[in-house]
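K.L.:
Attaching a predicted model along with its sequence, questions to come.
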Amino acid sequence: MLRRTKIVATLGPATDDVEILRGMCRAGLDVARLNFSHGTHEQHRRRLAMLREACRLEGRVVGLLGDLAGPKIRIESFRDGPVQLVEGQAFALDTSLDPQAGNAEAVGCAYQNLPADVGPGDTLLLNDGLIVLEVTGIRGTRIDTRVVSGGELSNRKGVNRKGGGISAPALTDKDFEDIRFAAAEQLDYVALSFVRDAADIRQARKLLDQAGSSARIVAKVERQEAIQHLSGIVDVADVVMVARGDLGVEMGYAALTGLQKTIIQQTRNRNRLVITATQMMESMVQNPVPTRAEVSDVANAVMDGSDAVMLSAETASGRYPVKAVAAMAEVIEGAEGYQLSQQRVRHRAEGSFSGTEQAIANAVMYTANHMKVRAIVALTESGSTPLWMSRIRSDIPIYAFTRHEATRRRVTLYRGVYPVDFDVSPTALVTMTGAIFAQLLKLGLVDEGDLVILTKGELTGVAGGTNSMQILPVRRF
């Protein structure tokens, strides 16, 4: 059985070697993530060049995702290194303080509007919730607090307000520059951090259009406001990412598992893609094997219906980037094998179809799941028909046959869909069918006599025109 759930892995200093990237490709890398919160454009450009060389050498198609930094709220720096905060002590955040002058009594804050966004009684969470501060008062640019939960606090740690409510816009000036870089480097996906509502997605799409990019937008759900506006966000985004770090801090960790399942379900029900991310195999930053808890975490994300699961520091800065990808692939395969042994198909038939492509996709999957079909072949320009098909659970592989390199990279994120280079140019039907069979046999994807389902449009080479399906036995012409 082919692995259906895809693997997104972050590039970084630990992957700055073509041989390591080749190993990651062999281990199961599907989509490479560039984290624009770290590194320069020149560093990212070099990493893309190395990745493209690794893909060429391995004969692999890998999608490209650029992750915008967004308005991460951070404290500034301490003059004499990290400080120890003790429960009950007074501590202040001051936006007017010298960025390098922090001490055990106060530290600067990079976000100038924070004093206007919080008030007495609010709870501020620093360093992913490890430090808890209760706001006791506001004096101009200074936020006075009492330490509720102390510990070591070092430079540039993140700040969250429990329950959300930070007014910072989702896109910053740096993000505008990164969008232009993503367009120039022809990235396939751009992830928008700290999304609040659908308007943030529309603004990002406008900027991408202006930059000449056709990248799909990934909405990272990591604010309480995003949960409140989830339906609208899903409707306008192409992909939703369950970004569990800041989301867990703002909403509370006890709510996180339920939120993850809700986000995945709502996203799939609206025929969008969904990625589950953050600390999935965090221990592999230092260790060659994951913990049992991490194995369960990845497996549950797979069984919840994630299109992809993501590695961050595990590959970007960890000691075992190739082993991390391989371990994640192994866990995915185990989870999918168990899932299919329990329930082979979940076919959704509620509601009405939005168009011919969706109707064909549903007919194909219903037929395939009730016949001994070895494979589904979708002749596609944009990848939309394979996307519709991938929303229905099945163990039958969907091969996206397309002449467009961008489409081949795009479908690497679709659960159960695999790209195949094929020129869908106008030609006689028997010739085209023979060429399709020849390609399937050459790649070892089917055997002679296997049944396949073929979808195509009446006018080949036209995006959005899929309107027919055929059930065909594989044979040599």
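P.N.:
Here it is on my side, so go on. Numbers count the residues shown, from 1 in each chain.
K.L.:
So which residues of the stretch 1-150 of the chain form helices?
P.N.:
Ranges of helices in the stretch 1-150 of the chain, per DSSP state H, counting those that start in this stretch, are 18-27, 41-58, 114-117.
K.L.:
for the first one, the distance to its chain's centre please.
P.N.:
On the basis of C-alpha atoms, centre = their mean, to the nearest Å, helix 18-27 sits 20 Å off its chain's mean C-alpha point.
K.L.:
hey, which of the helices of the stretch 1-150 of the chain is tucked in deepest?
P.N.:
Greatest average neighbour count among the helices of the stretch 1-150 of the chain goes to helix 18-27 (a mean of 20), per mean count of other C-beta atoms under 10 Å. All C-beta spots, glycine's among them, are computed from the backbone N, C-alpha and C.
K.L.:
Can you tell me the element the residue nearest the centre of the chain falls in?
P.N.:
The chain has Ile275 as the residue nearest its centroid, 4.1 Å off, counting by C-alpha atoms, centre = their mean. Element membership of Ile275, judged by DSSP states H and E, is strand 273-277.
K.L.:
Same check on Gly258?
P.N.:
In this assignment (DSSP H and E), Gly258 forms part of helix 256-269.
K.L.:
What helices and strands are in contact with that helix?
P.N.:
helix 230-236, strand 239-243, helix 244-251, strand 273-277, helix 292-304 (3 or more C-beta pairs under 8 Å, 6 or more residues apart in numbering; DSSP states H and E).
K.L.:
quick one: which of those has the weakest pLDDT on average?
P.N.:
Ranked by mean pLDDT, the helices and strands packed on helix 256-269 bottom out at helix 244-251, with a mean of 91.
K.L.:
Quick one: work out the angle between that helix and strand 239-243.
P.N.:
70 degrees (axes from the mean of the first three to the mean of the last three C-alpha atoms, to 10 degrees).
K.L.:
distance between helix 244-251 and the chain's centre?
P.N.:
For helix 244-251, the distance to the chain centre is 16 Å (C-alpha atoms, centre = their mean).
K.L.:
list the helices and strands that helix packs on?
P.N.:
Looks like helix 244-251 contacts strand 159-161, helix 224-228, helix 256-269 (3+ C-beta pairs under 8 Å, 6+ apart).
K.L.:
export it as PDB, just CAs?
P.N.:
What follows is helix 244-251, C-alpha atoms only, in PDB (Å, rounded to 0.1, in the frame of the first residue of the first chain):
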ATOM      1  CA  ARG A 244      -0.700  23.900  17.700                       C
ATOM      2  CA  GLY A 245       2.100  26.000  19.300                       C
ATOM      3  CA  ASP A 246       0.500  29.400  19.800                       C
ATOM      4  CA  LEU A 247      -3.000  27.900  19.500                       C
ATOM      5  CA  GLY A 248      -2.300  25.700  22.500                       C
ATOM      6  CA  VAL A 249      -0.900  28.700  24.500                       C
ATOM      7  CA  GLU A 250      -3.900  31.000  23.700                       C
ATOM      8  CA  MET A 251      -6.700  28.400  24.000                       C
END
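K.L.:
how big is the angle separating it from helix 292-304?
P.N.:
Put simply, helix 244-251 runs at 90 degrees to helix 292-304, going by the same axes, to 10 degrees.
K.L.:
coming back round to it: Val135 is nearest to which of the helices and strands packed on helix 256-269?
P.N.:
helix 244-251 (15.6 Å; C-beta to C-beta).
K.L.:
wait, what's in contact with the closest residue in space to Ile264 that isn't next to it in sequence?
P.N.:
Leaving out its chain neighbours, the residue that sits closest to Ile264 by C-beta to C-beta, 6 or more residues apart in numbering is Asp304, at 4.7 Å. Going by C-beta atoms under 8 Å, 6 or more residues apart in numbering, Asp304 touches 260-261, 264-265, 276.
K.L.:
could you measure Asp304 against Phe437, distance?
P.N.:
36 Å (C-beta to C-beta, to the nearest Å).
K.L.:
Kindly report the same for Ala299.
P.N.:
Where Phe437 is concerned, Ala299 sits at a distance of 36 Å (C-beta to C-beta).
K.L.:
Between these two, which has more neighbouring residues?
P.N.:
The neighbour count for Ala299 versus Phe437, taken as other C-beta atoms under 10 Å, is higher for Phe437 (22 against 18).
K.L.:
what bridges to Val274?
P.N.:
Val240 (DSSP bridges).
K.L.:
And the helix holding Gly258, how far out from the chain middle?
P.N.:
On C-alpha atoms, centre = their mean, the centre of helix 256-269 falls 14 Å from the chain's centre.
K.L.:
Let's test this: mean pLDDT of that helix, rounded?
P.N.:
96.
K.L.:
Residues contacting it, please?
P.N.:
221, 227, 230-231, 234, 240, 242, 244, 247-248, 251, 273-274, 276, 301, 304-306, 348, 391.
K.L.:
Buried only: go through those residues for me.
P.N.:
221, 227, 230, 234, 240, 242, 244, 247-248, 251, 273-274, 276, 301, 304-306, 391 (16 or more other C-beta atoms under 10 Å).
K.L.:
Relative to Val322, how far out is the residue nearest to Ile264?
P.N.:
For Asp304, the distance to Val322 - C-beta to C-beta - is 26 Å.
K.L.:
still on that earlier bit, doesn't Val309 make contact with the residue nearest to the centre of the chain?
P.N.:
Yes: taking C-beta atoms under 8 Å as the definition, Ile275 is a contact partner of Val309 at 7.2 Å.
K.L.:
Need the overlap of contacts for the two.
P.N.:
When contacts are counted by C-beta under 8 Å, 6+ apart, the set common to Ile275 and Val309 consists of Val8.
K.L.:
okay, the helices and strands packed on helix 256-269 in a markdown table with distance to Ser214 next?
P.N.:
Shown next, in a markdown table, are those (distance: least, C-beta to C-beta, whole Å):
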| stretch | distance to Ser214 |
| --- | --- |
| helix 230-236 | 16 |
| strand 239-243 | 14 |
| helix 244-251 | 29 |
| strand 273-277 | 16 |
| helix 292-304 | 28 |
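K.L.:
Quick check: of the contacts of Asp304, which has the highest neighbour count?
P.N.:
Counting by other C-beta under 10 Å, top hit in the contacts of Asp304: Thr276 with 27 neighbours.
K.L.:
Excluding chain neighbours, what is closest to it?
P.N.:
Ala301 (4.0 Å).
K.L.:
and if you look at Tyr111?
P.N.:
Ile73 (4.5 Å).
K.L.:
residue contacts, that neighbour?
P.N.:
Residues in contact with Ile73, defined by C-beta under 8 Å, 6+ apart, are 109-111, 114, 158-160, 166, 168.
K.L.:
Just flag the most distant two among these.
P.N.:
Counting by C-beta to C-beta, the most remote pair of those is Ala110 and Asn160, 13.9 Å apart.
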